[in-house]
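Participant: Let's see this in three dimensions:
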Amino acid sequence: MGMRSRMVLVAGACAVLVAATACGTTHENSGTAGAGQQGASKCKGPGGKYVIGMSQANVAEPYRKRMNDDISKAAGAVPQFTVTFADAAQDNSKQVEQVSTFITQQIDLLIISPNEATPLTAIVKQAYQKGIPVLVLDRKVDGDAYTEFIGADNVDIGRQAGQYFANVLLPQGGKIAELRGLAGSTPAKERADGFDQGIAGHNIQIVAAQDGDWLQDKGEQQADAILKANPDIQAIYSQNDPMAEGARIAATNAGKPNLPITGIDGLPIEAGGIKAVQAGRISATFVYPTGGKEAVDAAKKLLIDCQSVPKTQTLSTKLVTKDNAAQVYDELNRG
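Facilitator: Residues are numbered from 1 along each chain as shown. Sure, this is the predicted structure:
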């Protein structure tokens with residue numbers, strides 16, 4: 001993974017990036033204590049100017065680049081906002097340091113997509129306890145010392161993926177492999193747990209599971225090793241689309257070009273999972289919204305409108321197969 005610049009200042013005028021995904025949301029009011037107080041303490045109304053710090057786990061994944069683009073575009077429509085981006089490059093210590101710098105700079109609000117949960121928990125709590133509203137995006141931290149979590153239900157996505165294997169790909173059962181994301185990140189565990197639930201009782205056996213860290217090249221390496229050790233596997237469940245694309249390369253090289261492989265992310269871009277489904281490289285994917293637009297909307301409520309936000313905002317997902325891929329792609333790009 002390349003080391004990117006530590007911070008990029010994105011002013012409100014930089015609203016020329018990729019359009020945000022248009023996924024519906026539901027709000028789960030599981031407690032707003034602290035959120036309203038923090039919003040009130042930072043809120044200066046529409047006449048104020050606000051600096052938002054965005055701490056990104058990495059920008060090597062297309063999904064994370066898209067998340068930053070969605071935040072930039074949404075923030076570009078709010079003239080009171082300036083967003084400063086920091087790339088942790090999958091380094092927990094670096095992300096802690098970058099958030100600490102944001103705190104020292106006395107930013108008005110923190111958006112963070114943690115690299116791993118536990119190592120980032122203390123610094124997120126520190127920001128929160130200093131009165132900085134904290135929006136945790138996509139990946140969780142331990143505990144509840146934050147203002148709002150915004151993301152899809154990864155256990156449910158994993159469960160739906162398991163049901164797709166059980167009902168469509170391998171209704172008679174069979175042997176499969178699993179490519180998991182970064183071990184310490186909450187989506188990796190939740191997507192694995194949900195998948196186990198989805199295949200339970202359907203005679204589907206996971207004979208190999210390896211961490212691909214969400215990256216295509218590592219997904220390819222792991223899939224190559226898995227296929228050499230287990231040439232009889234009948235499908236691969238990948239926890240994201242880049243690893244699924246890597247697995248497809250490995251499967252083709254192993255003489256199995258038609259091996260069923262599924263992914264998750266469903267980015268509505270030319271290099272994304274929806275187009276991969278249309279092209280037949282992967283069998284299915286699930287739309288996993290970045291939450292970028294929703295995070296900026298929440299920031300606006302807290303800082304400009306002086307309103308509270310729910311403790312959890314759950315974003316909707318959708319199964320994408322060849323039957324609906326073109327329609328979903330168009331819907332997301334119209335939004």
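Participant: secondary structure class for Glu97?
Facilitator: Assigned with DSSP: H, G, I helix; E, B strand; the rest coil, Glu97 falls in the helix class.
Participant: Count the neighbours of it for me.
Facilitator: By other CB atoms under 10 Å, 15 other residues sit near Glu97. Glycine gets a C-beta too; all of them are placed from N, C-alpha and C.
Participant: Just the pLDDT at it, thanks.
Facilitator: Looking at Glu97, its pLDDT is 98.
Participant: residue contacts, Glu245?
Facilitator: Contacts for Glu245 were tallied using CB atoms under 8 Å, 6 or more residues apart in numbering; they are Gln216, Gly219, Gly263, Ala276, Arg281, Ile282.
Participant: at 6 Å instead, please
Facilitator: By CB atoms under 6 Å, 6 or more residues apart in numbering, the residues touching Glu245 are Gln216.
Participant: Likewise for Ser238?
Facilitator: Counted by CB under 6 Å, 6+ apart, Ser238 has contacts Leu179, Ala244, Ala247, Gly263.
Participant: now do 7 Å
Facilitator: Ser238 is in contact with Leu179, Gly219, Ala244, Ala247, Ile261, Thr262, Gly263, counting by CB atoms under 7 Å, 6 or more residues apart in numbering.
Participant: Could you check the pLDDT of the closest residue to it other than its chain neighbours?
Facilitator: With CB to CB, 6 or more residues apart in numbering as the criterion, Ser238 has its nearest non-adjacent residue at 3.7 Å, and that residue is Ala244. Looking at Ala244, its pLDDT stands at 98.
Participant: wait, Ala244 sits on Gly263?
Facilitator: Yes - look at Ala244 against Gly263 with CB atoms under 7 Å: they come within range, at 3.4 Å.
Participant: shared neighbours of those two, anything?
Facilitator: Ser238, Ile282.
Participant: on that earlier part again, next SSE after the helix or strand hosting the residue nearest to Ser238?
Facilitator: Counting by DSSP states H and E, the element that carries Ala244 is helix 241-253. With elements assigned by DSSP H and E, the helix or strand that comes after helix 241-253 is strand 261-262.
Participant: quick check: mean pLDDT across that next one?
Facilitator: 98.
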